[in-house]
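A.B. asks: how does the following fold in three dimensions:
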Amino acid sequence: MATVLAAVLAGFRLFKQGMAVVEDLGTAADKVSSGLNQSGTIVEYTPNPRRYPHGTDATHGDPEKIRKLRDKGKAERIEARRLRRIARRAERGQAQNMHDLRLF
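C.D. replies: Next up, the predicted model:
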C-alpha cells in the first residue's frame, strides 16, 4: 500500500513539473513571437537571378537555344557579381579594380 501511495505522489509531482515546463515554453514562445512582430523590422530580400536553362526545357529543348539561354544567364550572374563587388568595395572604402569599372 505504501508503494502505491509513493508511486501516486511521484506521478502527481512529475505531472506538476511537466505542466510548469509547458507553461514556461508558452511564455518563451510569446516573448519570441512578440519580438518578431516589432514594427520597423522589415527584411528585404534580393531576388535570385534566374538560372538558364532548367527543368524539362533544358533536356528537351533545341540545343542551340539552350546554349544561348545558358550563356545569357551566365553573363547576367557575372554582371550581378561585378556590381555587388563594386558596391561592397565602395562601402568599405577600398580601391576599385579597373577591370570591374571597365576602364580597360
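A.B. asks: farthest residue from the center of the chain?
C.D. replies: residue 1 (58.2 Å; C-alpha atoms, centre = their mean).
A.B. asks: point to the residue nearest the middle of the chain.
C.D. replies: The centroid of the chain falls nearest to residue 45 when counting by C-alpha atoms, centre = their mean (9.4 Å).
A.B. asks: check the secondary structure at that one for me.
C.D. replies: Secondary structure, DSSP: H, G, I helix; E, B strand; the rest coil: residue 45 is coil.
A.B. asks: ok, residue 94 next?
C.D. replies: Under three-state DSSP, the three-state class of residue 94 is coil.
A.B. asks: the one 5 residues further on too?
C.D. replies: The local conformation at residue 99, judged by three-state DSSP, is coil.
A.B. asks: from residue 74, how far off is it?
C.D. replies: Counting by C-beta to C-beta, to the nearest Å, the separation of residue 99 from residue 74 is 17 Å. C-beta here means a position set from N, CA and C on the backbone, and glycine is covered the same way.
A.B. asks: and the two? Which one has more around it.
C.D. replies: Higher neighbour count among residue 99 and residue 74: residue 74, with 13 against 9, using other C-beta atoms under 10 Å.
A.B. asks: returning to what we had before: pull up the gap between the residue farthest from the centre of the chain and residue 101, please.
C.D. replies: Taken as C-beta to C-beta, the span from residue 1 to residue 101 is 90 Å.
A.B. asks: buried stuff in whichever strand or helix holds residue 58?
C.D. replies: Secondary structure assigned from DSSP states H and E places residue 58 in helix 56-60. The neighbour-count check on helix 56-60 (16 or more other C-beta atoms under 10 Å) flags nothing as buried.
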